[in-house]
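In: Fold the stuff below for me.
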Amino acid sequence: GLILVFRGIGHGIAIVFVGIGRGSKRLFSGMFGRSPVAAAAARDWQRSPSRTRQMWRMIPLSSKLLLAGALVLGAVFFTSLWYMHRNEEINAAIERERNLFTAITNKKDAAEARLIYDDKVQARQLIREADLLVAELPTSTPAQQAKVAELTQSLNDVKNKLDGVKVIAPDSWLDLNAVAAGSKVTSLVRVDQTLIAYGPDDSKLYAITMSTKQVTPVAHDTIPGLRAATVTAEDDKVVFLAADNAVAEYAADTKAITARGSAASPATSPLAAGGIYSRRLYTLDPAAGQIYKHNATQTGYDRGTPWLKQAAVFPDARDLVIDGDIYVLTASSLRKFYTGDPQAFSLNISEPGLKDARVLAMTKDNLFILDSGNRRVLVADKTGNVTATYSNPSWQAPTGMTLAEDGKTIFVLDSGNIFQFKR
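Out: You can find the predicted model right below:
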């Protein structure tokens, strides 16, 4: 039976290909000029359809059926091969997705276990690794998207534990827009029991008695462009940096502001911030990548000398604080320097990182960062570990921050409105 099948298939295929071969040969010969051979090729070509039909009629019906069956079987065979290959790909993708899900869950659980032992460094590393794996998960179907969203939220919950995130609803302590219409304040500083709100485009500063919230405008037309401030160790004066790097002092007892010369040389660009330590003024020059040290004089401070041994690269530096070390806040990082040299230091924070950070403040044990772009206040110890995060979704673009004397009450300035909350 099988012999007859294969003989029939072979016979049918042979007749078909013989016909095709003869026609092709005639055509090929006819392509080389107008000759009797070419004419014969043309006649052959014209007669080829009828000849092919004639040959097909000569094939026995059984052979035709066998040929058709062979073609069908071949199609089924190759379709089966494709289906099996495709099925293997689908199963491999499902298995990979399952393995990724398991790996992410295991890393999250391991990070939570590390938190029990207060090992935040290892916990952060595990969460970063889990974040990278989440990015590899497929999101082509609603079910996959829901699974990714669920995993992302669970990882965010661990990040919030790591950073001590607290969503707060701080009190609106004082709205300067209501009591000082037209004010253009962007920054806050505290001296003794007085809050001072000021800004580079406002010709007044606003001294606010903390116990009564009484606001006293203080004009400084001859000292325009107040843009940075620091407080003396005695907590009785505020030293301002103004336009053209002029220096001015505000006395808490007299509520008067007085020019104290200039810190313009050697700086050739606007100074961004200042800090006082051991009666010396340290100023931050982002463009030059330098910190200058100014000694106190009878009339203010001298011209200053470079403090950094080698210029740093921090064109977006915003603020600094000093306690022997100098910490420099940029828009997206926190750096540390000692005796003029950079130190190995980084802010250990979960995603998102700093975004348009504006203000840096300090107590004996902690650093406070106003992360304006993320509308939050971060608290970190002096090794860089973030211990608490306070966020308020209602803040629009906070630009100013200062601390009360106890270091536990935090004031934040947002669009002229001063908010207050406690740690």
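In: could you pull out the strands for the stretch 101-250 of the chain?
Out: For the stretch 101-250 of the chain, the strands defined by DSSP state E, counting those that start in this stretch occupy 165-167, 171-175, 187-191, 194-198, 204-209, 215-219, 228-231, 237-241, 246-251.
In: Quick one: closest of these to Asn385.
Out: strand 165-167 (14.3 Å; CB to CB). (C-beta placed from N, C-alpha, C; glycine too.)
In: So which other helices or strands are in contact with the closest one?
Out: If contacts are counted by 3 or more CB pairs under 8 Å, 6 or more residues apart in numbering; DSSP states H and E, strand 165-167 sits against strand 386-391.
In: re earlier: looking at the strands of the stretch 101-250 of the chain, which is closest to Val379?
Out: Val379 lies closest, by CB to CB, to one member of those: strand 165-167, at 10.2 Å.
In: for stretch 196-210, how far is the first residue from the last?
Out: Using CA to CA, to the nearest Å, the end-to-end distance of stretch 196-210 comes out at 10 Å.
In: before we move on, back to that, I'd like the strands of the stretch 101-250 of the chain as CSV, with mean pLDDT and distance to Arg318 appended.
Out: Output for these, formatted as CSV (pLDDT from 0 to 100; distance: least, CB to CB, whole Å):
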stretch, mean pLDDT, distance to Arg318
strand 165-167, 80, 23
strand 171-175, 92, 24
strand 187-191, 97, 11
strand 194-198, 97, 16
strand 204-209, 97, 20
strand 215-219, 96, 25
strand 228-231, 96, 9
strand 237-241, 96, 13
strand 246-251, 94, 19
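In: In JSON lines, list the ones you listed along with distance to Ala287.
Out: Output for the strands of the stretch 101-250 of the chain, formatted as JSON lines (distance: least, CB to CB, whole Å):
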{"stretch": "strand 165-167", "distance to Ala287": "35"}
{"stretch": "strand 171-175", "distance to Ala287": "35"}
{"stretch": "strand 187-191", "distance to Ala287": "20"}
{"stretch": "strand 194-198", "distance to Ala287": "23"}
{"stretch": "strand 204-209", "distance to Ala287": "26"}
{"stretch": "strand 215-219", "distance to Ala287": "30"}
{"stretch": "strand 228-231", "distance to Ala287": "15"}
{"stretch": "strand 237-241", "distance to Ala287": "14"}
{"stretch": "strand 246-251", "distance to Ala287": "18"}
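In: which one of those strands lies closest to Ile276?
Out: Closest among these, using CB to CB: strand 228-231, at 5.3 Å.
In: Would you mind listing where the chain has pLDDT under the threshold?
Out: Across the chain, the ranges flagged by pLDDT under 70 are 1-53, 56, 64, 264-267.
In: where do the helices sit along it?
Out: Using DSSP state H, the helices found in the chain span residues 2-30, 36-58, 61-116, 120-134, 142-163, 176-179.
In: Let me see the contact set for Ala123.
Out: Residues near Ala123 by CB atoms under 8 Å, 6 or more residues apart in numbering: Ala111, Glu112, Arg114, Leu115, Val158, Leu162.
In: typo on my end, it should be Leu271
Out: Listed by CB under 8 Å, 6+ apart, the contact set of Leu271 reads Ala228, Leu241, Asn245, Ala263, Thr283, Leu284, Asp285, Tyr292.
In: Touching stretch 130-146 from outside, list them.
Out: Contacts with stretch 130-146, where a contact means CB under 8 Å, 6+ apart, come from 93, 97, 100-101, 103-104, 107-108, 111, 147-148, 151-152, 155, 351.
In: List the buried residues for stretch 149-168?
Out: Buried residues in stretch 149-168, counted by 16 or more other CB atoms under 10 Å: Leu151, Leu155, Val158, Lys159, Leu162, Asp163, Val165, Ile168.
In: Format the contacts of Leu271 as CSV; extra columns: neighbour count.
Out: Below are those laid out as CSV (neighbours: other CB atoms under 10 Å):
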residue, neighbour count
Ala228, 23
Leu241, 25
Asn245, 23
Ala263, 26
Thr283, 26
Leu284, 25
Asp285, 25
Tyr292, 24
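In: residue closest to the middle of this structure?
Out: Pro352 (5.7 Å; CA atoms, centre = their mean).
In: Not counting its neighbours along the chain, what's nearest that residue?
Out: Take Pro352 and drop its neighbours on the chain: the residue closest to it by CB to CB, 6 or more residues apart in numbering is Asn374, 5.9 Å away.
In: what about that neighbour, how many neighbours?
Out: Using other CB atoms under 10 Å, Asn374 is surrounded by 17 other residues.
In: what's near enough to touch it?
Out: Neighbour list for Asn374: Pro352, Leu354, Lys355, Ser391 [criterion: CB under 8 Å, 6+ apart].
In: Restrict the residues you listed to the buried ones and give me that as a PyMOL selection.
Out: Filtering the contacts of Asn374 down to the buried ones (16+ other CB under 10 Å) takes a single PyMOL command:
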select buried, resi 354+391
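In: Mind picking the two most distant members of the contacts of Asn374?
Out: Leu354 and Ser391, at 13.4 Å, using CB to CB across the contacts of Asn374.
In: picking that back up, in terms of distance to Tyr277, which of the contacts of Ala123 ranks first?
Out: Among those, Leu162 lies closest to Tyr277 (CB to CB), at 32.0 Å.
In: Distance of the closest one relative to Asp365?
Out: Separation of Leu162 from Asp365 (CB to CB, to the nearest Å) stands at 19 Å.
In: Please apply the same query to Tyr390.
Out: 17 Å.
In: between the two, who's got more neighbours?
Out: Higher neighbour count among Tyr390 and Asp365: Tyr390, with 21 against 10, using other CB under 10 Å.
In: closest to Ala259 out of the strands of the stretch 101-250 of the chain?
Out: Distance to Ala259, taken as CB to CB, is lowest for strand 246-251 among the strands of the stretch 101-250 of the chain, at 5.4 Å.
In: helices or strands next to the closest one in the packing?
Out: Using 3+ CB pairs under 8 Å, 6+ apart, strand 246-251 sits against strand 237-241, strand 256-262.
In: What pairs with the last one, parallel or antiparallel?
Out: Right, the one you point to is strand 256-262. Its sheet considered, strand 256-262 pairs with strand 246-251 (antiparallel) by DSSP bridges.
In: List the buried residues in the partner strand.
Out: In terms of neighbour count (16+ other CB under 10 Å), strand 246-251 has its buried residues at Ala246, Val247, Ala248, Glu249, Tyr250.
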